[in-house]
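Enquirer: Quick one, fold the following:
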Amino acid sequence: MASITGVTRGGKTWTPEFIVALDERKCIGCGRCYKVCPRNVFELVDRDDEDFEDNDVEDDYDDDMDDGFSDDTSMVMKLIDTMDCIGCMACSKVCPKKCLSHETVE
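Expert: Below you'll find the predicted structure:
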């Protein structure tokens, strides 16, 4: 079966990759993905209100970026409507923690 494909205005074919997961343990709640997303895919929620799997796992990712955001933020992004994703991957391009996963769809 063939993957979903699109055509650019210039006539080139491209294959969208749709969001399938967000690793909340890596997310710093900066809101960049929310701001760049043209659809209603994300929501910013209080980390303490969410029941994340593996809460006891320490995130050893060292944030060496001077982006003004704290690693111990109390907010986190949550996927609310993955079916509204258009596959542009803009969210992954702006995510400083690389916590979003995408896949092509057949």
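Enquirer: Going by C-alpha atoms from here, please, whenever you check contacts or count neighbours.
Expert: OK.
Enquirer: ok, which stretches of the chain are helices?
Expert: Along the chain, counting by DSSP state H, helices occupy 32-36, 90-94.
Enquirer: For residue 15, which non-adjacent residue is spatially closest?
Expert: Computed as C-alpha to C-alpha, 6 or more residues apart in numbering, the closest residue to residue 15 that is not its neighbour in sequence is residue 5, at 4.5 Å.
Enquirer: Who are the contact partners of that neighbour?
Expert: Residue 5 makes contact with 13, 14, 15, 16, according to C-alpha atoms under 8 Å, 6 or more residues apart in numbering.
Enquirer: Report the buried members of these.
Expert: Buried members of the contacts of residue 5, scored by 16 or more other C-alpha atoms under 10 Å, are residue 16.
Enquirer: Reformat the contacts of residue 5 into CSV and put pLDDT and distance to residue 99 next to each item.
Expert: CSV is the format used below for the contacts of residue 5 (pLDDT from 0 to 100; distance: C-alpha to C-alpha, whole Å):
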residue, pLDDT, distance to residue 99
13, 94, 27
14, 92, 23
15, 95, 21
16, 95, 18
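Enquirer: before we move on, back to that, so for residue 103, which of the helices of the chain sits nearest?
Expert: helix 90-94 (12.0 Å; C-alpha to C-alpha).
Enquirer: Is it correct that residue 106 is in contact with residue 4?
Expert: Yes - with contacts counted by C-alpha atoms under 8 Å, residue 106 reaches residue 4, the gap being 5.7 Å.
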